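K.L.:
Take this sequence and fold it.
(4 chains)
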There are 2 protein chains.
Amino acid sequence: MPKPAIAPLIDIADLKVSCSKCSLSALCLPYGLNREELDHLEQTLIHKPTLRANEALYFAGDDYRGLCAVRSGSFKTVLTTPDGAEQITGFYLPGELLGLDGLGQDKYRCSAIALETASVCEIRKEEFKTICSRIPNLQEQILRLMGNNFSQDQERLLSMGQLKGEERIATFLISMGQRLRARGFSSTRFNLTMSRHDLANYLGLAVETLSRMLSHLQERKLIAVNRRSIEILEEERIRKLAHLECRHG
Amino acid sequence: MPKPAIAPLIDIADLKVSCSKCSLSALCLPYGLNREELDHLEQTLIHKPTLRANEALYFAGDDYRGLCAVRSGSFKTVLTTPDGAEQITGFYLPGELLGLDGLGQDKYRCSAIALETASVCEIRKEEFKTICSRIPNLQEQILRLMGNNFSQDQERLLSMGQLKGEERIATFLISMGQRLRARGFSSTRFNLTMSRHDLANYLGLAVETLSRMLSHLQERKLIAVNRRSIEILEEERIRKLAHLECRHG
DNA sequence: CGGCTTTTTGAACCCCATCAATATCCGTGG
DNA sequence: CCACGGATATTGATGGGGTTCAAAAAGCCG
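P.N.:
Residues are numbered from 1 along each chain as shown, chains lettered A, B, ... in the order given. Modelled structure (predicted):
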């Protein structure tokens, strides 16, 4: 074969992390950092290879390697019981932080699985301490992301403990809309990246129940749903279902 | 009244924080710190006044002030919906970290309420950054405590999503036993510090269901329960109920 | 088109919430 | 010390929300 004259298919320059050009900087680690701090950060982050749907970023039981910020695509984290039952503990969108479950015992407790083609930026644990001390603002931002993660889990506990199935679905739809809007997408029209099975598991429902309830919401013209595409038609009423509005009831 | 010759009732020296003398150092913030680091830490921690049962350490909506390590007694954290429904998101024992829910939005999202006479050591947020950079080992330990907190929430999500009421109760009993054992108490005989109402809410059950199921576990001689005193009689079988053992089934 | 997965729909049952009543504990004051 | 009242906890009966089993429908990909 003749030596190719064309550029290589993968441009090394593109693989280099560039937080300053990343559209997520307002949500992700770089938030609040100045130029110099950004340079530091970019030198420390590892841009890991792209994952395809159903590939794992890490498995439960793996040694903790570091935290990962989702760069593109989406993930689920799955916790498994000794007897094989699985619980999806979260869905992760670009700019959100994966790997916190590894901090406590120095081993990941869940598996992180890509729901679609996805990529992440990693801060390895060895670098973490040094970069935090060199960039105090980064530490602040990481704490903020951790805190949000934490709050989200607590809201889910509330959802699981207090709400009926349909109310949990409403909560999920509103919450997903808000997270998408923060990323520049519509908060009322979007495509889910997870299967019904995954979503039902996440919500603590049977697949059949989820499907039935989505149909029911559609019959009442509160949402339009077709496979994985969702449109929220009556946001007010969905919010009320989710117990997010207490007036006009 | 004559000037008292006896010592004042409250010895100022006792109010001063002394991590080095605290029995929790193996679980709490001081873990892994050397003598010098401990001195730094002690200078930064604020030993807050004792709280009595049902008093709040902070309320949902309060500005984030800092993290608190439980020193004695126990707490619950409560998340409230706009329409007044409450969910207890966690119980906290000595050495555990309160206040993480304030990190994300710089406001506490839940209220932290003492279940009995209790006290905490506080790291104010202003001090947090500086002390972390001065004591790298402390940062590591705080991350570990955060990670444990996080893992615990995820396990609860699994419990709420996958397990039946009785199985959730079993999970709670085993988990509480383990936490108490780590603090030097029996893992099979202990007194609960929370009411049935609080525990039922925490587990996502009705009070009546919880009471019934505790009675049922007692009838089957798996536990002995009297009001708030608990004895686990058949730990193996309780663990199996909690899906923590998959063999010998 | 044919085989697979994913999703939806249908019917029966069960766990658990709810309503209602009783029992027990605990602090207060007579 | 005991009597009283309120909070806390247990027990009983009924009904509903959601699971489970079963099967059909719809999408996906070769």
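K.L.:
got the angle between the helix or strand that contains A:Leu145 and helix B:136-162?
P.N.:
If you go by DSSP states H and E, A:Leu145 is part of helix A:136-162. Inter-element angle recorded for helix A:136-162 and helix B:136-162: 20 degrees (by axes from the mean of the first three to the mean of the last three C-alpha atoms, to 10 degrees).
K.L.:
Could you chop chain A up by domain?
P.N.:
A:12-149, A:163-241 (automatic domain parsing).
K.L.:
burial of the spatially closest residue to A:Cys132 that is not a sequence neighbour, as a residue count?
P.N.:
Nearest non-adjacent residue to A:Cys132, counting by C-beta to C-beta, 6 or more residues apart in numbering or on different chains: A:Gln139, 4.2 Å away. C-beta here means a position set from N, CA and C on the backbone, and glycine is covered the same way. Using other C-beta atoms under 10 Å in any protein chain shown, the number of residues around A:Gln139 comes to 20.
K.L.:
any chance you could map the helices in chain A?
P.N.:
A:12-15, A:35-44, A:125-134, A:136-162, A:165-182, A:196-203, A:207-219, A:235-241 (DSSP state H).
K.L.:
and B:Ile135, which of these is closest to it?
P.N.:
helix A:125-134 (10.5 Å; C-beta to C-beta).
K.L.:
in the closest one, what's buried?
P.N.:
A:Lys125, A:Glu127, A:Phe128, A:Lys129, A:Ile131, A:Cys132, A:Ser133 (16 or more other C-beta atoms under 10 Å in any protein chain shown).
K.L.:
Next: stretch A:171-186.
P.N.:
Quick answer for stretch A:171-186 (16+ other C-beta under 10 Å): A:Thr171, A:Phe172, A:Leu173, A:Ile174, A:Ser175, A:Met176, A:Gly177, A:Arg179, A:Leu180.
K.L.:
Closest one of those to chain B?
P.N.:
A:Thr171 (10.0 Å; C-beta to the nearest C-beta).
K.L.:
what's the most distant pair in the buried residues of helix A:125-134?
P.N.:
Top of the distance list for the buried residues of helix A:125-134 (C-beta to C-beta): A:Lys125 and A:Ser133, 14.2 Å.
K.L.:
Distance-wise, check the residue nearest to A:Glu166 when sequence neighbours are not counted relative to A:Glu234.
P.N.:
Among residues not flanking A:Glu166 along the chain, A:Met213 sits closest, at 5.0 Å (C-beta to C-beta, 6+ apart). Here A:Met213 is placed at a distance of 15 Å from A:Glu234 (C-beta to C-beta, to the nearest Å).
K.L.:
remind me which residues of chain A are low pLDDT?
P.N.:
Residues of chain A that meet the criterion pLDDT under 70 lie in A:1-17, A:246-249.
K.L.:
Need the residue closest to the centroid of it.
P.N.:
A:Tyr92 (0.9 Å; C-alpha atoms, centre = their mean).
K.L.:
Test my guess that it contacts A:Arg71.
P.N.:
No. Using C-beta atoms under 8 Å, A:Tyr92 is not in contact with A:Arg71, being 11.1 Å away.
K.L.:
Distance to B:Lys21 added to the buried residues of helix A:125-134, as TSV?
P.N.:
What follows is these, written out as TSV (distance: C-beta to C-beta, whole Å):
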residue	distance to B:Lys21
A:Lys125	32
A:Glu127	36
A:Phe128	31
A:Lys129	28
A:Ile131	35
A:Cys132	30
A:Ser133	29
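K.L.:
What is the nearest of these to A:Arg144?
P.N.:
Out of the buried residues of helix A:125-134, the member with the shortest distance to A:Arg144 (by C-beta to C-beta) is A:Cys132, at 13.2 Å.
K.L.:
Would you mind confirming that that closest one makes contact with A:Gln141?
P.N.:
No. Using C-beta under 8 Å, A:Cys132 is not in contact with A:Gln141; the gap is 10.2 Å.
K.L.:
what's the spacing between the nearest residue to A:Gly61 once chain neighbours are set aside and A:Ala60?
P.N.:
Excluding the flanking residues, the one nearest A:Gly61 by C-beta to C-beta, 6+ apart is A:Lys107, at 6.1 Å. Here the criterion is C-beta to C-beta. By it, A:Lys107 lies 8 Å from A:Ala60.
K.L.:
more neighbours, the two?
P.N.:
Here A:Lys107 and A:Ala60 are compared on neighbour count by other C-beta under 10 Å; more neighbours surround A:Ala60, at 17 against 14.
K.L.:
can you pull the contacts of A:Asp198?
P.N.:
Applying C-beta atoms under 8 Å, 6 or more residues apart in numbering or on different chains to A:Asp198 gives the contacts A:Lys76, A:Ile88, A:Leu115.
K.L.:
Show me how far stretch A:130-146 is from its chain's centre.
P.N.:
20 Å (C-alpha atoms, centre = their mean, to the nearest Å).
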